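Chemist: Give me coordinates for this.
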Amino acid sequence: MYITLTGFNNYYKLKPFAIGNIVMCVKEQNNPYDSDAIKAMLPLIGTVAYVANSVDTVAGGTLSASRIYDKVGDRFFVKVRFTTYTKVICEIIEGDEKEIEEQMQAQFTMM
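Modeler: Reported below is the predicted structural model:
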């Protein structure tokens, strides 16, 4: 499954989204604007984007936050596959959560 991350210009722009980077996504259950909001986060940084959830922000061929909300846990991981000036396309990755989180942490020690 592929998703679109958007809103990153409100945070750190495209800097955290190198191809292959892993990003943690967390459901934001108390979001006053979107009951299906899912934020994208990185360790030590915090929120860096949101999973797109409108016709205007979801890239063709990807799923919106509402479409994946019941298919993922409260926390899951994605890998950056493509970037444009307005969108980051990520693949939802599965596997050992601890191992994925370690990989995510390691990508920052290599910078």
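Chemist: the longest strand in the chain is where?
Modeler: Longest strand of the chain, by residue count under DSSP state E: strand 75-83.
Chemist: now could you export just the CA positions of stretch 88-98 as CSV?
Modeler: What follows is stretch 88-98, C-alpha atoms only, in CSV (Å, rounded to 0.1, in the frame of the first residue of the first chain):
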residue,chain,number,x,y,z
VAL,A,88,6.1,12.5,-0.7
ILE,A,89,5.0,9.0,-1.8
CYS,A,90,5.7,6.3,0.8
GLU,A,91,5.1,2.6,1.0
ILE,A,92,3.7,1.1,4.2
ILE,A,93,6.2,-1.4,5.5
GLU,A,94,5.6,-4.4,7.6
GLY,A,95,7.9,-6.5,9.7
ASP,A,96,9.4,-6.5,13.2
GLU,A,97,8.5,-3.1,14.6
LYS,A,98,11.6,-3.0,16.8
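Chemist: Report the distance from stretch 21-39 to the chain centre.
Modeler: Distance of stretch 21-39 from its chain centroid, counting by C-alpha atoms, centre = their mean, to the nearest Å, is 9 Å.
Chemist: Need the distance between the two termini of it.
Modeler: 16 Å (C-alpha to C-alpha, to the nearest Å).
Chemist: could you give the mean pLDDT of the longest strand of the chain?
Modeler: Across strand 75-83, the average pLDDT comes to 97.
Chemist: got it, and stretch 21-30?
Modeler: Here the average pLDDT along stretch 21-30 is 96.
Chemist: before we move on, what about stretch 98-111?
Modeler: Averaging pLDDT along stretch 98-111 gives 82.
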